[in-house]
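[1] Requesting a structural model of the entry that follows:
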Amino acid sequence: MIDSISHASIYVTDQEKALDFYVGKLGLEVRADVDMEVMRWLTLGVPGQDDFQILIETPIESFVGADSVDQIEGLLSKGALGLGFILNTDDCRKTFAELVEKGVEVIEEPTDRFYGIDCGIRDPFGNHIRITQPVAPEDYHPPN
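    Predicted structure coming up:
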């Protein structure tokens with residue numbers, strides 16, 4: 001039986017630019033950076049959370065086909081690939097202000113939700129990321 005998730009992935013078009021954004025601006029840390037000949041295995045994680053990594057990958061022609069590389073990059077640049085992931089914080093408004101100060105693109109300011117406070121940002125490639133200050137599940141108050 002499956003007992004955990006260890007990795008998830010997002011597409012980017014430039015892994016060096018991704019490092020600048022995800023490490024330099026969001027504060028994630030590099031977990032692995034390995035040249036695998038056919039691809040660069042670049043994973044990042046939240047400091048102190050060792051059981052989950054995000055693979056930062058570029059669309060590779062030998063994996064998805066030449067036509068698909070262009071299609072993926074086109075959808076990515078439009079922000080049409082959906083939610084990349086959600087990062088948690090203990091103070092959404094403070095984290096949001098820090099990210100704005102660093103020049104991160106905002107798509108939604110901090111908003112009170114039934115599950116806590118969250119906001120939306122976009123990475124330089126078009127990926128949608130949420131920053132959430134969650135409340136405990138027992139304190140959820142979903143709308144009727």
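[2] any weak-confidence spans in this protein?
    144 (pLDDT under 70).
[3] got the residue ranges for the helices in it?
    15-19, 61-64, 66-77, 92-101 (DSSP state H).
[4] Can I get the ones you listed in CSV including distance to Lys25 and mean neighbour count?
    For the C-beta atoms, the positions are set from N, CA and C on the backbone; glycine is no exception. What follows is these, written out as CSV (distance: least, CB to CB, whole Å; neighbours: other CB atoms under 10 Å):
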stretch, distance to Lys25, mean neighbour count
helix 15-19, 10, 16
helix 61-64, 28, 11
helix 66-77, 18, 14
helix 92-101, 7, 16
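[5] Of these, which is nearest Gly126?
    helix 66-77 (4.7 Å; CB to CB).
[6] Out of the helices of the chain, the one nearest Gln49 is which?
    helix 92-101 (15.7 Å).
[7] For the longest strand anywhere in the chain, which strands pair with it and how are they oriented?
    Identified as the longest strand of the chain according to DSSP state E is strand 105-113. Using DSSP bridges, the strands paired with strand 105-113 are strand 116-122 (antiparallel).
[8] which parts of the strand it pairs with are buried?
    Neighbour-count burial for strand 116-122, counted by 16 or more other CB atoms under 10 Å, picks out Gly116, Ile117, Asp118, Cys119, Gly120, Ile121, Arg122.
[9] ok, the residues you listed vs Ser68, which is closest?
    Arg122 (22.4 Å).
[10] ok, back up a step: how far off centre is the longest strand of the chain?
    15 Å (CA atoms, centre = their mean, to the nearest Å).
[11] Can you tell me the number of residues neighbouring Asp20?
    Residues near Asp20, counting by other CB atoms under 10 Å, number 12.
[12] now Glu109
    Neighbours of Glu109 using other CB under 10 Å come to 12.
[13] what's the nearest residue to it if we skip its chain neighbours?
    Residue nearest to Glu109 in three dimensions, not counting chain neighbours: Cys119, with 5.7 Å by CB to CB, 6 or more residues apart in numbering.
[14] show me what contacts the one you found?
    Cys92, Phe96, Val106, Glu108, Glu109, Pro110, Thr111, Arg130, Ile131 (CB atoms under 8 Å, 6 or more residues apart in numbering).
[15] Distance to Pro47 added to the buried residues of strand 116-122, as TSV?
    What follows is the buried residues of strand 116-122, written out as TSV (distance: CB to CB, whole Å):
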residue	distance to Pro47
Gly116	21
Ile117	22
Asp118	21
Cys119	21
Gly120	22
Ile121	19
Arg122	23
